[in-house]
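[1] for reference, the sequence and a predicted model appear below.
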Amino acid sequence: MRYLLMVSHGTMAPGVHSVIRMLLGDRDNVLSHSMEDGVSADAFVSALEDVVAPIGAEDSVVVLGDIVGGSPLTNTLNVLTQKGLLGRTIAFGGLSLPMAIAALTGIEDDLDDAALRDSVLSESREGARLVELALDDEDEEDL
C-alpha cells in the first residue's frame, strides 16, 4: 500500500487531514501527526511511531511536511529510516491542501514516482495565486 503521511508544527497536518476527510471521505492510507506547542521532539517521535505502525516493510510513503528542515519533517524521515522505508519514501516540504489532494489523487491513480512528484509540485505552485479584486468606486464605499 502507498501511504500519504502529513506532519507539521501546530495542528496544520491534522487540519489538512480533516479537510481531506470532509471533501474526499476517510482513507485508510492517509495519516497525520503534529508537533504541538510545548511537545518535545522525543514525545513527537514516540507518538509518530504509533501513527506509522500500520506501514509495513513492503509499503511506500509520500510525506508532506510543513517546513523543509523543520523538526516534524526531519524526525519523520528519521523514523521512516529506522523502519527501513526511506528508499520507499518521497518527501515534500510546504504542506498545503492542494498538495495533499494531488498526492492522494496520484496515489489512488497509481502514478509512478516521477509523475507523482511532478503532480504534487505542479499543484503546489498553481495553488498559490494572487486573487485579483476588481472593485468599482461604488463597491469600495460599502467596505
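    Ah, there it is. Numbering: from 1, shown residues only.
[2] part of a strand, is Ala91?
    Yes. Remark: Ala91 belongs to a strand, assigned using DSSP: H, G, I helix; E, B strand; the rest coil.
[3] residues contacting it?
    The contact partners of Ala91, taken as CB atoms under 8 Å, 6 or more residues apart in numbering, are 62-65, 73, 77. Any C-beta I mention is one placed from the backbone N, CA and C, and that applies to glycine too.
[4] among the residues you listed, which are in strands?
    Counting by DSSP state E, the part of the contacts of Ala91 found in strands is 62-65.
[5] highest neighbour count among those residues?
    Leu64 (28 neighbours; other CB atoms under 10 Å).
[6] my guess is that one meets Leu95, correct?
    Yes. With contact defined as CB atoms under 8 Å, Leu64 counts as touching Leu95 (4.5 Å).
[7] okay, and the common contacts of these two?
    Shared contacts of Leu64 and Leu95, defined by CB under 8 Å, 6+ apart, comprise 6-7, 13, 16.
[8] which stretches in this structure count as helices?
    Under the criterion DSSP state H, the chain carries helices at the ranges 12-24, 41-51, 71-82, 97-108, 113-127, 137-142.
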